[in-house]
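>>> attaching a predicted model along with its sequence, questions to come.
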Amino acid sequence: MPKLTIDGQEIEVAPGTSILQACEQMGIEVPRFCYHERLSVPANCRMCLVEVEKSPKPVASCAMPAGEGMVVKTDSELVHKARKGVMEFLLINHPLDCPICDQGGECDLQDQAVAYGFDRGRYAENKRAVRDKNLGPLIKTIMTRCIHCTRCIRFMDEIAGVPVLGATSRGEHMEITTYIEQGVNSEMSGNLVDVCPVGALTSKPYAFTARPWELRKTETIDVMDAVGSNIRVDTRGPEVMRVLPRLNEDVNEEWIADKTRYSHDGLKRQRLDRPYVRGQDGKLRQASWAEAFATIRTKLAGLPGTAVAAIAGDLADCESTVALKDLMAKLGSPNLECRQDGAKFDASKRAGYIFNSTIAGIERADAILLIGTNPRWEAPLVNARIRKRYLQGGLKVVASVGPNVDLTYPVKHLGAGGDTLAELAAGKHEFLEVLKGAERPMVIVGMGAFQRPDGAAVQHAARAVAESVNAIREDWNGFNVLHTAAGRVGALDIGFLPGEGGRDLEGILTGCASGEIGFVYLLNADEIDGAAFGNAFVVYQGHHGDRGAHRADVILPGAAYTEKSATYVNTEGRPQQTRLATFPLGEAREDWKIIRALSAELGQTLPYDSLTQVRRRLAEMNPVFAAPDRVTPAKWGAFGKKGKVDGGHFVSPVTNYYMTDPISRASVTMAKCTETFLKPALPAAAAE
């Protein structure tokens, strides 16, 4: 390991460490524009120049490996002069429009010009101007500000896997652009705003709306998919102004998906802010909380528990789910269901429904089999991890049974459906030899494989494949389930499933049609056709006037994920907590509080009055909730149902990435993305 001296201090670093990285390890700041920790090193901005003894000129520290005996100076007169010269060159053509630039206050160029730049400009020539590019509805371009750091090009090529950006021409005529005039069609394009060190690429929906110092910043968790990305919600007054990523190496690194970043404008549209009751004329009318609760009490009077059912939706938090389960138990109802998409799988063993390898564990796999999933739409951050693993080298192959789509890395398509999986489970497919030859094989099963009548048989077959290729060992569990709903794993951990003699989703809807189910409680459940509930009395608790509210007889307004402190468990089984960024609108309340108040009205008071007590109840039901932000390994065991796997195709449950839940469906920005990127390619029914 080489030893070198930096500013008079000796340090020993790993082989291959650059001088810039060595400086960072010592806490010495070295300015940079083009260098980014997660991107390749181009060494083209020259801002990171340092002085190295015996070198005839300053050295770009980001590209120079640390060598044995090097003597480096980062604070010498030569370094100061070099940095001032570089900054002068960078500002030759940069416009002086900081007062109207959305990057103002968060701009690397501003900060470094003050800290390292010259105190005056010496160029009298006219500045060049560059035509702005249309990159779609998410990214606003002011390309005259571009300093050609090429971070955006490298991000799209390396991380997003959609190489649409590049540099054309040379010298003063160089421009960053798309090769053909088009939008950047990637589920991770919003990260371009974060990697751009100047104001050349900014957020189009956020443009000219706020300054960073006006905003209140709240660290919380995303619920647009089941990854549980760590985010920061910036608010001004009651309004969410923007959503940015937080660093979490185990979950989302420092990236977030576009739906996470841009769908927040749906939080202020089509909101439910007061209770409603459906009158004798069949129309919903505003009501008080007392009247709404009284209507529910009257309807439940005399109904046996077997005629009552509850469905927890994709955005339901764990606190409200456990409260609803406890209330249903007091009412004597065994009819509970959290899989509103109709997925059929065995949840008796936790290892059978979580991402056992963890998301970060993808980087250790050397062969991956995807079953019934399109991770690029279902979980873009998981897809980015697989691509990262592919680029690192050592990943023998990624194979797929199911949708044949572009996942931004090479995929060997084995087949479209159950026939191929049945062959694999029976040991008759040649690809098994590849998995058996891998040191750490991985099987990822998506919801598209479970949303069929033979879902439990598919789960059993996938388990058989994993066990047959030695993917289940003491040091490695390669069986993974990729969920699409943020609230699903938490509800499964709580046991929000049919009790003894209880009905699943299909049974509940059949009971509604036959009249055996007379009362249905929907907790943030919006993905079920309202006609399926027949003549049952429907109570909907949620925050948007979506499908569930349209069918409801009583509406109880709840809080969105930015408006409550709540627990969600991501697809790898990691409990994480959101924090209140804004208060619920109007008369809306936090979801568990609504259920607690309703229980008192029904004479079945739940035994908790505070959030702390509810979370204590969660930990009693499942110890995983006692360890937030940690993945508790699940014990392996038998799960699934042995049976014939039908030959039908596996179909991804996500047909429109930009609109998958009530919040994104209410978002104008997501509607523009659908119009721009998807509508020409979607079937007419899915595009509407």
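In hand now; what should we look at?
>>> starting at the chain centroid, how far to the helix or strand residue 598 falls within?
Using DSSP states H and E, the element containing residue 598 is helix 591-601. Centre-to-centre, helix 591-601 and its host chain are 30 Å apart (C-alpha atoms, centre = their mean, to the nearest Å).
>>> please apply the same query to stretch 478-485.
With C-alpha atoms, centre = their mean, you get 14 Å for stretch 478-485.
>>> how far does that stretch stretch from one end to the other?
The first residue of stretch 478-485 is 21 Å away from its last residue (C-alpha to C-alpha, to the nearest Å).
>>> so where's this structure uncertain?
680-688 (pLDDT under 70).
>>> what's the helix holding residue 598 packed up against?
helix 289-300, helix 318-331, strand 537-542 (3 or more C-beta pairs under 8 Å, 6 or more residues apart in numbering; DSSP states H and E). Where C-beta positions appear, they are placed from N, C-alpha and C, glycine not excepted.
>>> could you pull out the buried residues of that helix?
Counting neighbours by 16 or more other C-beta atoms under 10 Å, one finds that the buried residues in helix 591-601 are 591-599.
>>> what does stretch 208-223 give?
Judged by neighbour count using 16+ other C-beta under 10 Å, the buried positions of stretch 208-223 are 215, 218, 220-223.
>>> count the residues that sit near residue 24.
Counted by other C-beta atoms under 10 Å, the residues lying close to residue 24 total 15.
>>> show me what contacts it?
If you count contacts by C-beta atoms under 8 Å, 6 or more residues apart in numbering, residue 24 has them with residue 30.
>>> so it, which of the three states?
The assignment at residue 24 comes out as helix when based on DSSP: H, G, I helix; E, B strand; the rest coil.
>>> just checking, residue 511 touches residue 503?
Yes. Applying C-beta atoms under 8 Å, one finds residue 511 in contact with residue 503, separated by 6.0 Å.
>>> okay, and the common contacts of the two?
When contacts are counted by C-beta under 8 Å, 6+ apart, residue 511 and residue 503 are jointly contacted by 309, 335, 517.
>>> would you check how far apart the last one and residue 333 are?
Going back to what we said before, that points to residue 517. When distance is defined by C-beta to C-beta, to the nearest Å, residue 517 is 10 Å away from residue 333.
>>> joint contacts of the two?
Each of 308-309 lies in contact with both residue 517 and residue 333 under the rule C-beta under 8 Å, 6+ apart.
>>> nearest to residue 281, of the buried residues of helix 591-601?
Using C-beta to C-beta, the shortest approach to residue 281 within the buried residues of helix 591-601 belongs to residue 598, at 25.3 Å.
>>> OK, contacts around the closest one?
293, 296, 327, 556.
>>> do that again at 6 Å, thanks
For residue 598, the contacting residues are residue 293, taking C-beta atoms under 6 Å, 6 or more residues apart in numbering as the criterion.
>>> same deal with residue 177?
Contacts were defined as C-beta under 6 Å, 6+ apart; by that measure residue 177 touches 133, 168.
>>> now for it, which secondary structure element holds it?
Of the helices and strands defined by DSSP H and E, residue 177 is found in strand 175-178.
>>> contacts for the helix or strand just after that strand next, please.
On the C-terminal side of strand 175-178, the closest following helix or strand by DSSP H and E is helix 191-195. Identification of contacts with helix 191-195 by C-beta under 6 Å, 6+ apart yields 139, 151-152, 155, 201-203, 255.
>>> where along the stretch 401-550 of the chain do the strands fall?
Shown for the stretch 401-550 of the chain, the strands assigned by DSSP state E, counting those that start in this stretch span residues 412-415, 441-446, 472-473, 476-477, 479-482, 519-523, 537-542.
>>> the fourth one: partners in the sheet, and parallel or antiparallel?
Sheet neighbours of strand 476-477, with direction, are listed as strand 472-473 (antiparallel) (DSSP bridges).
>>> returning to what we had before: what about the strand holding residue 177, distance to the chain center?
28 Å.
>>> and what of stretch 82-94?
In terms of C-alpha atoms, centre = their mean, the gap separating the centre of stretch 82-94 from the centre of its chain is 38 Å.
>>> repeat for stretch 61-78
Here stretch 61-78 shows a centroid-to-chain-centroid distance of 39 Å under the convention C-alpha atoms, centre = their mean.
>>> please identify the buried residues of it?
In stretch 61-78, counting by 16+ other C-beta under 10 Å, buried: 61-64, 66, 70, 72-74.
>>> among those residues, which two are most distant?
Set against one another by C-beta to C-beta, the buried residues of stretch 61-78 have their most distant pair in 63 and 73, with a gap of 17.6 Å.
>>> follow-up on the earlier one: redo the buried residues of stretch 208-223 as CSV? Include secondary structure.
Compiled in CSV, the buried residues of stretch 208-223 are given as follows (three-state DSSP):
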residue, secondary structure
215, coil
218, strand
220, strand
221, strand
222, coil
223, coil
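>>> mind putting these into CSV with distance to residue 353?
Compiled in CSV, those are given as follows (distance: C-beta to C-beta, whole Å):
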residue, distance to residue 353
215, 38
218, 30
220, 25
221, 20
222, 20
223, 18
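>>> residue 376 is in contact with residue 406, isn't it?
No. Counting by C-beta atoms under 6 Å, no contact exists between residue 376 and residue 406, whose distance comes to 7.5 Å.
>>> between those two, point out the one with more neighbours.
Comparing residue 376 with residue 406 by other C-beta under 10 Å, the one with more neighbours is residue 376, at 27 against 10.
>>> the more buried one sits in which helix or strand?
Here residue 376 is assigned to helix 375-378, by DSSP H and E.
>>> only C-alpha atoms, please: export that helix in CSV.
What follows is the C-alpha trace of helix 375-378 in CSV, where atoms were taken according to Å, rounded to 0.1, in the frame of the first residue of the first chain:
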residue,chain,number,x,y,z
PRO,A,375,-37.5,-4.1,-12.6
ARG,A,376,-36.9,-1.1,-14.8
TRP,A,377,-40.6,0.0,-14.2
GLU,A,378,-41.4,-1.8,-11.0
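>>> packing partners for it?
The criterion is 3 or more C-beta pairs under 6 Å, 6 or more residues apart in numbering; DSSP states H and E, and the helices and strands that helix 375-378 contacts are helix 380-392.
>>> off-centre distance for the helix it packs on?
14 Å.
>>> what residues sit buried inside it?
Burial within helix 380-392, assessed by neighbour count using 16+ other C-beta under 10 Å, is assigned to 380-390.
>>> ok, these vs residue 529, which is closest?
In terms of C-beta to C-beta, no member of the buried residues of helix 380-392 lies closer to residue 529 than residue 380, at 27.7 Å.
>>> what separates the closest one from residue 657, distance-wise?
Taking C-beta to C-beta as the measure, residue 380 falls 8 Å from residue 657.
>>> same check, this time on residue 602
Between residue 602 and residue 657 the distance is 40 Å, computed by C-beta to C-beta.
>>> who has more neighbours, those two?
When neighbours are counted by other C-beta under 10 Å, residue 657 comes out ahead of the other of residue 602 and residue 657, with 23 against 16.
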